[in-house]
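# coords please:
(chains A and B)
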Amino acid sequence: MSLALDAPAPVSFAERIWRINWGLALVLTAIAGVGVLALYSAAGGRFEPWASRHAVRYGAAFVLMLTVALIHPKVWLALAWPIYIVSLLLLVAVDVVGKIGMGAQRWLVIGPLQIQPSEIAKVALIMVLARYYHGLRREQASQFLYTLPPLLIILAPVALVMVQPDLGTAMMVLMGGGALLFVAGVRLWMFLVAGASAIACLPIAWSLMHEYQRKRVLTFLDPDRDPLGAGYHITQSKIAIGSGGLFGKGFLKGTQSSLNFLPEKQTDFIFTTFVEEWGMVGAFGLLALFALVLVWGYSIALRCQHHFGRLLALGVTAMMFLYVFINAAMVMGLLPVVGVPLPLVSNGGTALVTVMFACGLLIGVNVYRDAQLPWKR
Amino acid sequence: MMQRFRKGDGERSGLFTRRTLLLGGLQGVLMGALAGRLYQLQVLETNRFSTLAEENRINLRLLPPSRGLIFDRSGQPLAVNRNNFRAMATSDRGRGADVLVERLDQIFSLGEAEKTRLLRELRRSRNAQPVVVRENLGWEEVARVEFNAPDLPGVFIDLGQSRDYPEGELMSHIVGYTGRVADEDLAGRDEPVLQLATMRFGKKGVERSLEDDLRGRAGAVQVEVNAVGRVVRELDRTEGQPGSNALLTIDLDLQRFAAEKMKQHQSGSVVVLDVVTGDVLAMASTPGFDPSTFARGITHSEWRDLLDNPERPLHNKAIAGVYPPGSTYKMVTALAALESKAIDPWTRLPCLGFLELGNIKFHCWLKGGHGSTNVVEAIAASCDCFFYEAARRAGVDRISDMAARLGFGKQSELGLPGESAGNQPTRAWKQEKIGKLWQHGDTFNLGIGQGYMTSTPLQLAIMTARIANGGYEVQPNLLLAKATPREELGPPPPVTKPAAPSLRFNPQHLALIRDGMNQVVNSNIGTANALRRDANGKVLDPSLTFAGKTGTAQVKRITEREREMGVTQASLPWHLRHHALFVCFGPVDNPRYACAVIVEHGQAGGVTAGPIGRDVLVETMKRDPSRRSDRYRKMASR
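Reported below is the predicted structural model:
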């Protein structure tokens, strides 16, 4: 067989640039713009210390996204396993350092860089699962035996993140992996069994949890049990959102955030800060922007002609959704406080780079939607 | 050819598409849930959350009113307010209080007891009302707090006022002091300002009796606060009303003179009354205490020392000390006997040095006896036998009744807290308290102010005043005038006739009593005729002559046997010696002032208490406005 014969006409570089989803890039930039606005307000109407850095970071991450988008998927296909292995090693390293240090350790400091291996693990997991199912036939994908390796692939980072301990990220990795398995064709009954056994394992998980994590879960179940302690954050966040009303209190007029009643107003609770000032109208607008990103992601996934790309795009989209949903549900009191940032809006470099890198992969799938990828394993 | 690459991919892609749409649908539903939740929070429940946000943000803080000032009758300050830098702390219902208290401890070295108090108050404080960490800060401490401000969320320096008593011990019993508001102080007063940690409440003396006038009304300020309670800006302010200022009837210079005289003795008190108005011109009780120890917060050991002192410095002996009145009571017996016609002005009664009742001998203080005396001579010479017989003739009921009319056995209308009623015994009282019938012997003892009878120095002064002023029921009075800081504060116009109701005594009888008291000092038979001359032996100016009566109150009875063994008053330990009493009024011809002196364990009235009474009364008469060119100073309103 000859590759040359099967391949369609080569696509020019200009064509590739044209294929980049500039509309999606615009939407992402709009979301980041909301982030700059909210951070400007969170700092009491100043660009320092957050808004300006956020804008600069986004600019750099935007370039990174475009660069990643132009890299051929076969490179990622080849690098999937190595990246995954490295991310696991980094997770182990962070756990070891964490043991030496005190409390929860999520960061690894390498020279001037602070990296959060769990963020790398999220993307690496998507890539390696896409790689795995890319090499399977339809019947194999639905067989139980072939589902065991991806389970291990998912559970390894989940376990390592759990012990950090970072419950939120662990749940995100687990659910993101699950979503990939689902679209890859794993049988529904297996999900039911997994769900049932997860519920059965809850008491064990409970016993493994740290005191503060248990408190958070209990607080989520009943925020009034400790309104001054663990429940304080969520109560104040709900007050901020609720008092915003339909049209909000106005830009820079949010009392809850400017008077510091809101905790972590520039990171995990940035959504609250924004919604207090912009009201339900602003909240719906922001969620609509995110929904647009998701729809874009789905359309890219559905239009892709190779399975790796489809799964990659779907995985990135699912991750994006989980970020947004968990964060928003958390600040509204629908989920326990687990420390998941709102992508592109929350202050903080690592999540921003991860999300933009993932969006680069997503756009790359569109750019190379007709790439010919080897089928064999 | 492409099929080889895509073999099975179509099938795979179909499943992928189906499941992707399913997943997308699920995510759509979840996004819808978020929207629904936003609708619930921001539309359905927005009012509730808006209220909560306002409650978070807006804090109503009370502005403690500045406490009214207290002056003596000429406008000299007795209680004033002084600026006081204090460290205050707030916390939102105790959040982070532990850490905060530890850090404050590093700055102020609070100590365990203070830390516990602070922690409790921080947790109890309502609406993030600030609590006091430490008062009367020096500059260095203020600087240390400001320097460490970033580590001390909710801590701020506040300029408040604290009470200062420029006369200190001299006025301690009258002015009293203030302290933190106690739970019992809140009874019947539902002013929220009393909940303030910085608020002070009168605990003793005038500070207590005039509390509701001195306190004033609180203002309020609405402030916007941040999460740690720091004030961001002021939204609204209503000014309160400062407390009323008060002019006391006390003449500070006379008070100082009287206290100076009392200082020769360990313990005792002097009361000077204006017999027309009832104004208390001086009321000294020694020893006193330093009220500033209470203002700054008394320590436990200081408190114990004050309580354990046998001279009872916290006690205002002028109103709370009770003593048998002794011979100073003889005027009561005499007046009761005269008014009830048990004796008349010409009745002469014999004295052999003792009177026998059954087989009990009632001695007269003069061993040989006074012979035959009338009521005037009996008062002048203080003949016990005369009053045994007069008391027997009048009977206990009439004496008790007369004593009550002269002010014994009940609290006066002075209003100071802690005033004792003394004890005016009656038949019923003895039956109830002792469970025995009233005996003739009891009447004899009562006739000379001994036995069950007790009174306070103030009551003795009241009695003297009512005799001196022609039988008007004057009440002692400490408040000359009061006014809000906006009004002018000055003494009322002079009064020359008593406004009090008349007790309807026969004026002739009162004149006899006054004559007897005059002769005590101004006749050769008088028991205190040495007091005719001043301390330097000079005869007093005729316009300053006064009348009086000595008294000695038994603490321990010296038995016949002890007397034979040579036990005298001077040889007894201090706390067993007799109390020395002296009451007097002057000037003799137109009485205006009355004075009562008691020297605890001073042995003999005429010798120890008498000179004090003379000096204080003469000084009072010299200070009479009619003799002075400098009229009362008028005070500018503050």
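# Tell me the residue of the stretch 151-300 of chain A that sits nearest chain B?
residue A:242 (2.6 Å; CB to the nearest CB). Quick note: C-beta positions are derived from backbone N, CA and C, even for glycine.
# would you say that residue is within a helix?
Yes - under DSSP: H, G, I helix; E, B strand; the rest coil, residue A:242 sits within a helix.
# is it true that it touches residue B:42?
Yes - counting by CB atoms under 8 Å, residue B:42 is a contact partner of residue A:242 at 6.1 Å.
# The helix or strand residue A:324 falls within near chain B at all?
In the assignment (DSSP states H and E), residue A:324 maps to helix A:307-331. Yes - under the criterion of CB under 8 Å from any CB of the partner chain, chain B is reached by helix A:307-331 at A:307, A:310, A:311, A:314, A:318, A:321, A:325, A:328, A:329.
# count of neighbours near the third one?
Here the neighbour count serves as a burial measure; for residue A:311 (other CB atoms under 10 Å in any protein chain shown) it reads 27.
# my guess is it meets residue A:127, correct?
No - assessed by CB under 8 Å, residue A:311 is found out of contact with residue A:127, at 9.2 Å.
# Surely residue B:80 forms part of a strand?
Yes - under three-state DSSP, residue B:80 sits within a strand.
# residues contacting it?
B:69, B:163, B:164, B:165, B:166 (CB atoms under 8 Å, 6 or more residues apart in numbering or on different chains).
# how near is it to chain A?
To chain A, residue B:80 is 39 Å away according to CB to the nearest CB, to the nearest Å.
# what's the answer for residue B:143, then?
26 Å.
# next one: residue B:111
Using CB to the nearest CB, residue B:111 is found at 27 Å from chain A.
# What does the pLDDT read for the residue nearest to that residue when sequence neighbours are not counted?
In space, and not counting its chain neighbours, residue B:111 is closest to residue B:105: 8.0 Å by CB to CB, 6 or more residues apart in numbering or on different chains. Residue B:105 carries a pLDDT score of 85 in this model.
# And for residue B:179?
On the pLDDT scale, residue B:179 gets 85.
# OK, contacts around the nearest residue to it once chain neighbours are set aside?
Excluding the flanking residues, the one nearest residue B:179 by CB to CB, 6+ apart is residue B:203, at 4.6 Å. Applying CB under 8 Å, 6+ apart, we find residue B:203 in contact with B:176, B:177, B:178, B:179, B:294.
# Can you tell me which of those end up in strands?
B:178, B:179 (DSSP state E).
# Tell me the residues of the stretch 151-300 of chain B that contact chain A?
Counting by CB under 8 Å from any CB, the stretch 151-300 of chain B comes close to chain A at B:224, B:225, B:226, B:227, B:228, B:232.
# Any chance of CSV for those residues, columns secondary structure and neighbour count?
Formatted as CSV, these follow (DSSP: H, G, I helix; E, B strand; the rest coil; neighbours: other CB atoms under 10 Å in any protein chain shown):
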residue, secondary structure, neighbour count
B:224, strand, 18
B:225, strand, 23
B:226, coil, 17
B:227, coil, 20
B:228, coil, 19
B:232, strand, 15
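# from these, which has minimum pLDDT?
Comparing these by pLDDT, residue B:228 comes last, at 66.
# if we can go back for a sec, ok, the residue of the stretch 151-300 of chain A closest to chain B to residue A:338 distance?
In this structure, residue A:242 lies at 21 Å from residue A:338, with CB to CB, to the nearest Å as the measure.
# For the residue of chain B found nearest chain A, what is the enclosing helix or strand?
Residue nearest to chain A within chain B: residue B:49 (2.6 Å; CB to the nearest CB). Assessed by DSSP H and E, residue B:49 sits inside helix B:46-57.
# Pull the distance from the helix or strand following that helix to the chain's centre.
Counting by DSSP H and E, the element after helix B:46-57 in chain order, helix or strand, is strand B:58-63. Centre-to-centre, strand B:58-63 and its host chain are 32 Å apart (CA atoms, centre = their mean, to the nearest Å).
# Which helix in the chain has the most residues?
Since you didn't name a chain, this refers to chain A. helix A:270-303 (DSSP state H).
# meant chain B actually
Under DSSP H, chain B gives helix B:9-39 as its longest helix.
# Now do residue A:297, the pLDDT please.
On the pLDDT scale, residue A:297 gets 95.
# Count the neighbours of it for me.
Residue A:297 has 29 neighbours, counted by other CB under 10 Å.
# for residue A:47, same thing?
Counted with other CB under 10 Å, the neighbours of residue A:47 add up to 14.
# Ok, residue B:589 next?
10.
# mind listing what the residue lying closest to it once chain neighbours are set aside touches?
Once flanking residues are discounted, residue B:589 sits nearest to residue B:545: 8.0 Å by CB to CB, 6+ apart. By CB under 8 Å, 6+ apart, the contact list for residue B:545 reads B:518, B:521, B:522, B:532, B:586, B:587, B:588, B:589.
# Filter the residues you listed down to the buried ones.
B:518, B:521, B:522, B:532, B:586, B:587, B:588 (16 or more other CB atoms under 10 Å in any protein chain shown).
# Now, the residues you listed that are in helices?
Filtering the buried ones among the contacts of residue B:545 for helices - DSSP H - leaves B:518, B:521, B:522.
# How about the contacts made by the second one?
The contact partners of residue B:521, by CB under 8 Å, 6+ apart, come to B:528, B:529, B:531, B:532, B:545, B:546, B:547, B:548, B:584, B:614.
# just to revisit the earlier point, what is the nearest of the contacts of residue B:545 to residue A:204?
Using CB to CB, residue B:586 comes nearest to residue A:204 of those, at 99.3 Å.
# Run a quick neighbour tally on the nearest residue to that closest one once chain neighbours are set aside.
In this structure, residue B:586 finds its nearest non-sequential neighbour in residue B:546, 3.0 Å apart by CB to CB, 6+ apart. Per other CB under 10 Å, the neighbour tally for residue B:546 reads 28.
# residues in contact with residue B:546?
By CB under 8 Å, 6+ apart, the contact list for residue B:546 reads B:521, B:540, B:584, B:585, B:586, B:587, B:588, B:614, B:617, B:618, B:621.
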